[in-house]
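[1] turn this into a structure:
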Amino acid sequence: MFGDVQRSRIIAYSAAFIGLIALGSWISIPVGNIPFTLQTLFVLLAGIVMHRYGAIPVLLYSILGVLGLPLFHNGMAGIGVLLGPSGGYLIGFIVAALIAGCAYEHDSRIIRIGGIILATSAIYLFGTAWLMYSLHLALLPAIMVGVLPFIPGDAIKAAAAYLIGQRLP
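    Below you'll find the model as predicted:
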């Protein structure tokens with residue numbers, strides 16, 4: 001373990017991205033039951049920077065928030081947030097970081113852009129499915145509440161993540 005540069009990088013980046021995702025959760029604009037935050041930008045960047053290991057800080061962020069640290073949007077914490085209307089999005093973050101990370105293990109620009117789009121879609125998929133379950137909504141109302149209002153902002157965050165990722169070695 002001593003002298004393992006890769007493991008040290010994973011630990012340092014994980015700590016940094018847990019902090020950035022938590023910081024992004026404080027930049028919150030309420031949009032109905034689901035707030036608009038900057039978390040998705042940092043989730044995508046975790047995958048871009050750490051590749052497949054980008055899911056680690058997102059998973060740890062979720063675990064720490066469930067255990068009671070005030071890391072979720074507006075300083076919320078606990079299992080209630082995960083079981084509430086936004087819980088599906090938090091689970092989708094983990095999958096999204098993994099998808100974006102796997103895409104960034106390739107040099108192809110098309111695969112990377114596709115990975116970011118697929119990662120964002122995974123957040124929507126998990127979020128919408130959980131909205132349907134937790135609020136007893138049909139598919140169309142869940143999409144109207146949990147996807148459509150967020151598309152413009154998420155498109156900007158996805159483009160920003162891609163542009164930042166281009167500047168990284």
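
[2] look up how far Val43 lies from the residue lying closest to His106 once chain neighbours are set aside.
    What sits nearest to His106 in space, not counting adjacent residues and going by C-beta to C-beta, 6 or more residues apart in numbering, is Arg112, at 6.8 Å. Quick note: C-beta positions are derived from backbone N, CA and C, even for glycine. With distances defined as C-beta to C-beta, to the nearest Å, the gap from Arg112 to Val43 amounts to 15 Å.

[3] the two: who's more crowded?
    Neighbours of Arg112 and Val43, each counted by other C-beta atoms under 10 Å, are more numerous for Val43; the result is 33 against 19.

[4] that one and Leu59 touch, don't they?
    No - here Val43 does not reach Leu59: they are 11.0 Å apart, not a contact under C-beta atoms under 8 Å.

[5] got the contact list for stretch 75-84?
    Here stretch 75-84 makes contact (C-beta atoms under 8 Å, 6 or more residues apart in numbering) with 26, 62, 65-73, 87, 90-91, 134.

[6] which one of the residues you listed is nearest Asp4?
    Distances from Asp4 to the contacts of stretch 75-84, taken as C-beta to C-beta, are shortest for Ser62 (25.6 Å).

[7] show the contacting residues for that closest one.
    Shown in contact with Ser62 (C-beta under 8 Å, 6+ apart): Leu82, Leu90, Ile91, Phe93, Ile94.

[8] perfect, that will be all.
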